[in-house]
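>>> only geometry, no sequence info:
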């Protein structure tokens, strides 16, 4: 059965705040009554009032009977039937067993379907199907649901309403199910890889969506302006979403596991290369996966990159050509291709991500000055991503012994590293813990208070040489 449930149990209260189908307060829901009170059925109105009162006081068992009366007699009467009914039925599910529990589960699915039918402006197919996927996964034993049935339901959401199929847990279940089908020898491994790409691309599109919204708020803060109360709430919500998608992305990678190692990828792509060597989508996915899984030493990687660049030259292909050249120690040529890649990309969000990738490649080759230039470009284009700050901090720390003219000044470089790490903590809430650990590590390696006292240079500015070319002020005691 599907594993990884610990890793995907991330739909916490913060994330639930952002669901489109948020339960509204009674006053708001009552506005959505379809006809004037004078024309409404008295019985339905009375039962609506009764069950909402019970609902508000969390007396769900008592709310059930009057709720069912309104639901059955006046299904279009008010959206509260569906917004509140979901919680009422979930309470029933949690507090029942056997066939009674199964009946409540199926009734909840029916409730969602009717909500979609009667209130289409408030409920979307992709959202409803995602909820169905999670419900059937969570109660798969009680319902006797197979991996194939769960996969087919998620696949329906993916194919019929991808735009609104955004729930992180449902996306994980979708991919997890096809891996389990492969393990049961019901699908070929290529289908697993194809679905991995589909789900990863969807997750990336959602990350982009919230990152771009968060960027605007971070830019406002970094310019010295104060966020409004509503903007602060949005910022927390965007960060919560990004955290959820980051975790689910890691879970998807973990589920793929050793299936995507070089031993499996290389023979698979060798077998299919002649068939797909002019298929840009296939080549892009093959090259990306070979690169991600560090299968770049095999000659097949070079063939894939050349074919990809020939069929669909782009910023992506130029970057991958550069990675080949770096492997061959042709650094000047590689730098030229990296510049081409960066110049070719016109989408600002993609350009920011590409700049980070280029910087990481240069960092791995010890070209710290050029790497920092690209990291700063990435930060300019995607200011809510704190990873470049941590990478710059790490490069400073790695260069401490080479960039000072005496022991004190060499260790002063760690103040600069801590300063960069602090920027990561400030702009990227999801990196706060990692950044704080880095800051503590760097500050522990910087000159101590007693060394500052002995040196007698508190408040003075130290100029750091070599590639860093920056300065730092000695802290006051």
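The structure has been received and is ready for your questions. Being a predicted model, the structure only gives us computed values, none of them experimental.

>>> where along the stretch 51-200 of the chain do the helices fall?
Counting by DSSP state H, counting those that start in this stretch, the stretch 51-200 of the chain has helices at residues 60-73, 80-94, 98-118, 125-138, 140-143, 147-160, 168-183, 189-222.

>>> quick one: the residue positioned nearest the centre of the chain from residue 332, how far?
Central residue of the chain (C-alpha atoms, centre = their mean): residue 245, 2.5 Å from the mean position. For residue 245, the distance to residue 332 under the criterion C-beta to C-beta, to the nearest Å works out to 38 Å. Heads up, the C-betas are built off the backbone N, CA and C, glycines and all.

>>> One more: residue 148?
Noted for residue 148: a distance of 53 Å to residue 332, by C-beta to C-beta.

>>> So between those two, which is more surrounded?
Set side by side, residue 148 and residue 332 show unequal neighbour counts under other C-beta atoms under 10 Å, the larger going to residue 148 at 15 against 7.

>>> and the closest residue in space to the more buried one that isn't next to it in sequence, how many neighbours?
Residue nearest to residue 148 in three dimensions, not counting chain neighbours: residue 181, with 6.4 Å by C-beta to C-beta, 6 or more residues apart in numbering. The burial count assigned to residue 181 is 19, neighbours taken as other C-beta under 10 Å.

>>> go on, the one 5 residues further on?
The local packing of residue 186 (other C-beta under 10 Å) involves 14 other residues.

>>> wait, residue 261 sits on residue 292?
No. In this structure, residue 261 sits apart from residue 292 without contact. The criterion is C-beta atoms under 8 Å, and the distance is 11.3 Å.

>>> Residue 121: neighbour count?
For residue 121, the count of nearby residues is 7 (other C-beta under 10 Å).

>>> got it, and residue 450?
9.

>>> roughly how far apart are the nearest residue to residue 386 once chain neighbours are set aside and residue 400?
The spatial neighbour of residue 386 that comes closest, neighbours along the chain excluded (C-beta to C-beta, 6+ apart), is residue 428 at 2.9 Å. In this structure, residue 428 lies at 24 Å from residue 400, with C-beta to C-beta as the measure.

>>> One more: residue 299?
Separation of residue 299 from residue 400 (C-beta to C-beta) stands at 39 Å.

>>> and if you look at residue 166?
Spatial separation of residue 166 from residue 400 under the definition C-beta to C-beta is 44 Å.

>>> repeat for residue 471
15 Å.

>>> And those two? Which one has more around it.
residue 400 (21 against 11).

>>> in the stretch 351-477 of the chain, which spans are strands?
Using DSSP state E, counting those that start in this stretch, the strands of the stretch 351-477 of the chain run over residues 461-464, 470-473.

>>> What pairs with the first one, parallel or antiparallel?
Just to be clear, that refers to strand 461-464. Taking DSSP bridges as the criterion, strand 461-464 sits next to strand 470-473 (antiparallel) in its sheet.

>>> Quick check: buried residues in the strand it pairs with?
In terms of neighbour count (16 or more other C-beta atoms under 10 Å), strand 470-473 has its buried residues at residue 472.

>>> Pull the residues that contact that strand.
Contact partners of strand 470-473, identified using C-beta atoms under 8 Å, 6 or more residues apart in numbering, comprise 412-413, 415-416, 419, 459-464.

>>> just how off-centre is it within its chain?
36 Å (C-alpha atoms, centre = their mean, to the nearest Å).

>>> average model confidence for that strand?
pLDDT averaged over strand 470-473 equals 94, rounded to a whole number.

>>> swap in stretch 290-307?
Regarding stretch 290-307, the rounded mean pLDDT is 94.

>>> Which among the contacts of strand 470-473 count as buried?
Under a neighbour-count criterion of 16+ other C-beta under 10 Å, the subset of the contacts of strand 470-473 counted as buried comprises 412-413, 415-416, 419, 462, 464.

>>> Could you identify the most distant pair in the residues you listed?
Among those, the pair separated by the greatest distance (C-beta to C-beta) is 419 and 462, at 12.7 Å.
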